[in-house]
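[1] using only what follows, build the 3D model:
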Amino acid sequence: MTARPTRASALLVGCVALAGIAGAVPASAQTSAGGSEVSVVEGTAPAWATPSARVGALDLGQVRRVQVAVALKDPRGARELAAAVSRPGDPRHGRFWTAAQFTARFAPEQDTVDGVTGWLRGQGLKVTSVSANRHFIDVEGSVGRLQNAFRVTLSTYRHTARGKSVILVAPDRAVSVPRALRGAVAAVVGLDDSGLTIAPDRVRRTPHGGGPGSASGVAGDGLGCARYWAETNNAAVPQKFAAGRQSNSICGYNTGQVRGIYGLNSANTGAGTTVAIVGAYNHAGTEADSNRAADTFGSPRLGAGQYRAVLPPTFTDQNTCAPQAWYGEQALDVQAVHTVAPAARIVYYGASSCYTLLDAVNRAVQDNVASVISNSWGYTGESAVPTATRQQMDSIVLQAAIQGQAIVFSSGDAGDNSGGSSLGRVEADFPASHPWVTAVGGTSVAVGADNQVVFQSGWESGGYTRSGAGWVAQSDADGRFAGGAGGGRSQLFAQPDYQKGVVPDAVAQGRRAIPDIAALADAYTGIGVGYTVPGQGWAIFASGGTSAAAPLVAGLVADAQQAQGVARMGFLNAALYRLKTGISDVRPVQAGVWTPYMVGYGKVTVPAQAGSYLVEVDARPQSLQSSAGWDAVTGVGTPAAGFLTALGK
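    This is a model prediction of the structure:
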């Protein structure tokens, strides 16, 4: 560990519930060794911080940044209001509040916040800021002072994240605060390094070098990428699928092709709406790159003031959080939204590091300028972080629902997480599993020369390597699995009302299941993206992952608001699960793409060298596959013509 400040996301515990959302982390009173009564905030130590996993102690002088979450003053009233404004048919449906109204009614009282900050300063800790909605108190202090204040010991622990053994900091027990603050302090987050398990859900194929049709450098030679499905098909390799069902990988769909997938016309622009995108760090060239990509792929350029970035005073933890991965994510998200909603305003909220992403989500909610907030990142699994940290999402999404903001999250790119490069066990991703967010899964999409859909299937890829006159299933750490949308049953949250009668009981078993909806995610049939890679220059490539699907859905919601003449639609899931039109059911298709390069990214292991590979779509390489009705790859399905006018009706 270095002696610089670090900080992990800290967000307010609320007792949010929509037919089964987990409640606030309980606190219990104890008497300390010194005789003073303290309150233990349960769930604030990660399950992986066990004595057997302990590696060593920390330098007591090392400075860390943490956040103290302060509880809502009326969580029951807040969750009742959130449910009412989000429930079709309720008299209060759609009667959204302003951020000021929410803060006045539900935020902790200023006296409560003053009491907490006064105690923190009395412990020798520095209070650096308090959020505008009085939920979060930013604190900085040495390890020694933090340990004394919260009655824990910070150590390093060995933990497995994304298939790799890592050393992370964590407290040895749940934090304690004075008995007088019981009920006020909901959590202290940032004492552990769970934030380092967060990653963007982005998949990027090898840049095309010469542009569309020239992955191999020679267009039309059978080896280059295809501009549309089966434009080129390498006939020199074994044909595993029927004619028209095997194609070279797609160069990257252009604007007309992506808009054609969802039946958009020239009037569907998202005019008058604002979409927020949350990521880490900030690539200063994002706007210029987006305009250059627009010229390449056929979108209009961003207008003056149409894009802006809201950033923290400083960025931290660049040596551990891989900023360049987040730069590429930022480019993908902005360009995806702009492709389907070219007139929508876009506000990018950049977190100071991968530790503070929920901080940026909270800023987007408290600013309340965007009607849709897109997130293309997540923890691998729900067990990666302490219970209290996981439940910090509650208050953010509760306030968003009351204000009429929709929050979408990518469902993950490691399928059911059972692969050796992921968790090695079946588990849904968080925050996508939270019942108050819309989890977006993924599809593989074949678009023909006329910009019409040839077929759509779930994104769960099986990887094969050529061997003589046939194909051999890959057998690395992830076996045949070569990438796919996250999905499955939550371990944390009970089944919300909106999923009852839609998600099969055999799947749900009384729990929240994801995803809710799906969009284009397969990078082999991906969206074309261009951006200036630091140190390398301009690159054009096909991009995907559920990180593409989430902003595409966010942009489609903006289009729906424009089409229906409404400023906001609010929490989407109740409306999504009522859709009878405007949604396409997704089922398996026997098809595949040939590629000379496979996608290699953090959560899935595939061959790294150039070769001859076949990627079979929706191949059930793990436990997930699309099916009739709701499924754990695409949810209720994928948006189709009519979605814009059907959503919310």
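[2] contact partners for S383?
    Each residue near S383 by CB atoms under 8 Å, 6 or more residues apart in numbering is listed here: A47, W48, L423, E427, Q491. All C-beta atoms are positioned from the backbone trio N, CA, C, and that covers glycine.
[3] in the chain, where's the longest strand?
    When the chain is parsed with DSSP state E, its longest strand is strand 438-447.
[4] pull up the distance across stretch 385-405, start to finish.
    Length of stretch 385-405, first residue to last, CA to CA, to the nearest Å: 26 Å.
[5] ok, stretch 316-330 next?
    17 Å.
[6] secondary structure class for the residue lying closest to S165 once chain neighbours are set aside?
    Distances taken as CB to CB, 6 or more residues apart in numbering put R158 closest to S165, at 6.0 Å, once the chain neighbours are dropped. State at R158, reduced to three classes by DSSP: H, G, I helix; E, B strand; the rest coil: strand.
[7] try E140
    Following three-state DSSP, the label given to E140 is strand.
[8] please apply the same query to S547.
    Reduced to three states by three-state DSSP, S547 is helix.
[9] tell me how many other residues crowd it.
    Neighbourhood size, S547 [other CB atoms under 10 Å]: 32.
[10] G441 versus that one, what's the distance?
    Computed as CB to CB, to the nearest Å, the S547 to G441 distance reads 12 Å.
[11] what do you get for N375?
    In terms of CB to CB, N375 sits 14 Å off from G441.
[12] neighbour-wise, which of these two wins?
    G441 (37 against 30).
[13] that one: what's it in contact with?
    411, 458-459, 485-487, 514-518, 521, 546, 549, 632-635.
[14] can you tell me the closest non-neighbouring residue to Q257?
    That would be V447: by CB to CB, 6+ apart, it lies 4.8 Å from Q257.
[15] how about the helices of the stretch 251-400 of the chain, start to end?
    In the stretch 251-400 of the chain, the helices defined using DSSP state H, counting those that start in this stretch lie at 255-261, 286-297, 318-321, 323-340, 357-367, 387-390, 393-403.
[16] do you know which of those lies nearest L614?
    helix 255-261 (22.8 Å; CB to CB).
[17] other SSEs contacting that closest one?
    When contacts are defined as 3 or more CB pairs under 8 Å, 6 or more residues apart in numbering; DSSP states H and E, helix 255-261 packs onto helix 323-340, strand 438-447, strand 453-458.
[18] same thing but 7 Å
    Where contact means 3 or more CB pairs under 7 Å, 6 or more residues apart in numbering; DSSP states H and E, helix 255-261 is packed against helix 323-340, strand 438-447.
[19] taking the contacts of S383, tell me the two that lie furthest apart.
    W48 and Q491 (14.8 Å).
[20] more crowded one of the two?
    Legend: neighbour count by other CB under 10 Å for W48 and Q491, higher for W48 (20 against 15).
[21] so for that one, what's the pLDDT?
    Note on W48: pLDDT of 87.
[22] from here on, call the first residue 4.
    Okay, residue one is now 4; in that scheme the one you just asked about reads as W51.
[23] now it: closest residue in space, sequence neighbours ignored.
    Closest to W51 by CB to CB, 6+ apart is H162, at 4.6 Å.
[24] kindly report the same for V636.
    G461 (3.6 Å).
[25] mind showing which ranges of the stretch 454-603 of the chain have poor pLDDT?
    Applying pLDDT under 70 to the stretch 454-603 of the chain flags residues 603.
[26] which parts of it are strands?
    Here the stretch 454-603 of the chain has its strands, by DSSP state E, counting those that start in this stretch, at 456-461, 463-470, 473-476, 484-487, 491-497, 514-517, 520-523, 530-536, 540-547, 586-587, 595-598.
[27] deepest of these, which one?
    Of all the strands of the stretch 454-603 of the chain, strand 484-487 carries the top mean neighbour count, a mean of 31, counting by mean count of other CB atoms under 10 Å.
[28] show me the contacts for T131.
    T131 sits next to D141, V142, E143 when contact means CB atoms under 7 Å, 6 or more residues apart in numbering.
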